[in-house]
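task: produce atomic coordinates for the following.
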Amino acid sequence: MKRVHPILLSLAAVGLLSAISGCSNKPKDTANRNAAIAQEKVTLVKRLADEVAKNPNSVDVAGLVEEIMNTPLDPAEYPAEATEILKIYDEKIKGKITGDPAMHMASVISRLKRS
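Residues are numbered from 1 along each chain as shown. Next comes the predicted model:
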């Protein structure tokens, strides 16, 4: 039978201890992270409103709409942020953008209104 090299045995032990200690770390604070993401979505909608005021057909508007679509928000968990987004949309964005950005933004808004 082959003899296990001491270095390999040591590396295996270190790897096992690392894996075990990684499991015992504090759980990540997902609540704070989700709240920050919800606030980021509000910020993106505010930026979109500013860009729409400058040029509703700009590439920046399309890019911001895409970012908004890709930023998750659970309106049931963050109703204040959802309400703020709906207010900004109704007052500053609705009816001012056209094409795909308008269609995508309408989809985002309908998801916020359903919850």
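
CA atoms for contacts and neighbours, from now on please.
OK.

and the next helix or strand past the lengthiest helix in the chain?
Taking DSSP state H as the criterion, the chain has its longest helix at helix 30-54. With elements assigned by DSSP states H and E, the helix or strand that comes after helix 30-54 is helix 59-70.

in the longest helix of the chain, which residues are buried?
34, 38-42, 44-46, 48-49, 51-52 (16 or more other Cα atoms under 10 Å).

closest one of these to K96?
Within those, proximity to K96 (Cα to Cα) peaks at V52, which comes in at 7.1 Å.

how near is that closest one to A62?
Note on V52: its distance to A62, by Cα to Cα, to the nearest Å, is 10 Å.

thinking again about what came up before, relative orientation of the longest helix of the chain and helix 59-70 in degrees?
Put simply, helix 30-54 runs at 150 degrees to helix 59-70, going by axes from the mean of the first three to the mean of the last three Cα atoms, to 10 degrees.

got the contact list for helix 30-54?
With Cα atoms under 8 Å, 6 or more residues apart in numbering as the test, helix 30-54 has contacts from 58, 60-61, 64-65, 67-68, 71-73, 78, 81-82, 84-85, 88-89, 92-93, 96-97.

can you turn the buried part of those into a ChimeraX selection?
Command for ChimeraX that selects the buried part of the contacts of helix 30-54, burial taken from 16+ other Cα under 10 Å:
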select :61,64,65,68,73,81,82,85,88,89,92,93,97
